[in-house]
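Participant: Only the shape, not the letters, is given here:
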């Protein structure tokens, strides 16, 4: 007789897992990022090993390039982005102060309601209440306070990725050797190779697409006359790694800046439409052509994954949500008992391709 699952234990396990992911986020984020980086860079390490280059030298070169790239980005773009973040609240206030008949009507209704409330409250004697005004820290102060944690996570990620890459195939070999049966060993090797291939295809393709998209959006914002179009190119490149949410946030940011430049609502709307049109062309036409159909994921699942990782791991979680989802899908596809879940995570084209392969075999 088949034993029924204990849903109480499963529920307790999921609650504890969610608590642990949130509680240990400062430690888990660099660990997950380093493992993803190792899986992406492992094919490069194998090619260099075939050419006689030691894994330690390859790992040092990769980590040095990654560290230098981060330092270059911080050095050149931290000031304009920080300045934009500091000016953004004032820009939003200017946007709120624009004439709006509906808003004026609501304000008048609010004033009438407030007057009625004050009239009722005046009939009652209430003791005075002391109010303490707490000034919210600015963006720069919050950034400076969080800088040590962010720097520590980046250093831990790069150092751990160095040790993983420098170990060459030792890490994967030890993982395979720990499995008891030969069939499990073979499945583990195939699984790791599939994860490396899928992550390499996705991140390589999406990075190239985002780079080109950043150039196009930067040129479009320059054509609109917005200040510092290179900054908008960098923002578009970075935000487009976050599906759906990144494009909307970048378009809103550009439209707010456009409104403060032109002081015209229609210009802000057209800038928003320009940004969204370019990202829609990229998302609906270019990305499906460049990224293989076998890497397509269920859009609903992608949105939920991005929201979930944003909830537990903030901005970094939104960036690594899709790579983690691809890794989970490959693992589910390689295990017969969970293959149905892997099909569910895939997009329509990927599901059709998988069904054709199953029929062929």
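Facilitator: Received it, and whenever you're ready, just let me know what you need. Remember, predicted model here, so these are calculated numbers, not experimental data.

Participant: what about the stretch 151-300 of the chain, any weak spots by pLDDT?
Facilitator: 168, 292-295 (pLDDT under 70).

Participant: Please enumerate the strands of it.
Facilitator: For the stretch 151-300 of the chain, applying DSSP state E, counting those that start in this stretch gives no strands.

Participant: what about the residue lying closest to residue 237 once chain neighbours are set aside, how many residues close to it?
Facilitator: Counting by CB to CB, 6 or more residues apart in numbering, residue 214 is the residue found nearest to residue 237 once chain neighbours are left out, at 3.4 Å. Every C-beta, even on glycine, is put in place using the N, C-alpha and C of the backbone. Using other CB atoms under 10 Å, residue 214 has 21 neighbouring residues.

Participant: Going forward, count from 2.
Facilitator: With 2 as the first residue, the last one maps to residue 215.

Participant: how near is residue 215 to residue 224?
Facilitator: 15 Å (CB to CB, to the nearest Å).

Participant: any idea how the chain splits into domains?
Facilitator: As given by automatic domain parsing, the domain ranges for the chain are 26-98+147-179, 198-292, 294-362.

Participant: mind listing what the residue lying closest to residue 188 once chain neighbours are set aside touches?
Facilitator: Closest residue in space to residue 188, ignoring its immediate chain neighbours: residue 335 at 6.0 Å, by CB to CB, 6+ apart. By CB atoms under 8 Å, 6 or more residues apart in numbering, the contact list for residue 335 reads 188, 191, 192, 195.

Participant: Sort out which residues of stretch 64-73 are buried, please.
Facilitator: Buried residues in stretch 64-73, counted by 16 or more other CB atoms under 10 Å: 64, 67.

Participant: which residues are in contact with that stretch?
Facilitator: With CB under 8 Å, 6+ apart, stretch 64-73 has contacts from 38, 155, 159, 160, 162, 163, 166.

Participant: as a whole number, average confidence for it?
Facilitator: Taken as a whole, stretch 64-73 carries a mean pLDDT of 86.

Participant: mind checking how far it is from the chain centre?
Facilitator: 20 Å (CA atoms, centre = their mean, to the nearest Å).

Participant: now the helices for the protein?
Facilitator: In the chain, the segments counted as helices under DSSP state H are 8-24, 26-51, 56-97, 102-122, 140-167, 171-178, 183-224, 230-240, 246-263, 266-282, 288-291, 300-335, 340-346, 349-361.

Participant: so which of those helices is the most packed in?
Facilitator: Comparing the helices of the chain by mean neighbour count (mean count of other CB atoms under 10 Å), helix 230-240 ranks first with a mean of 21.
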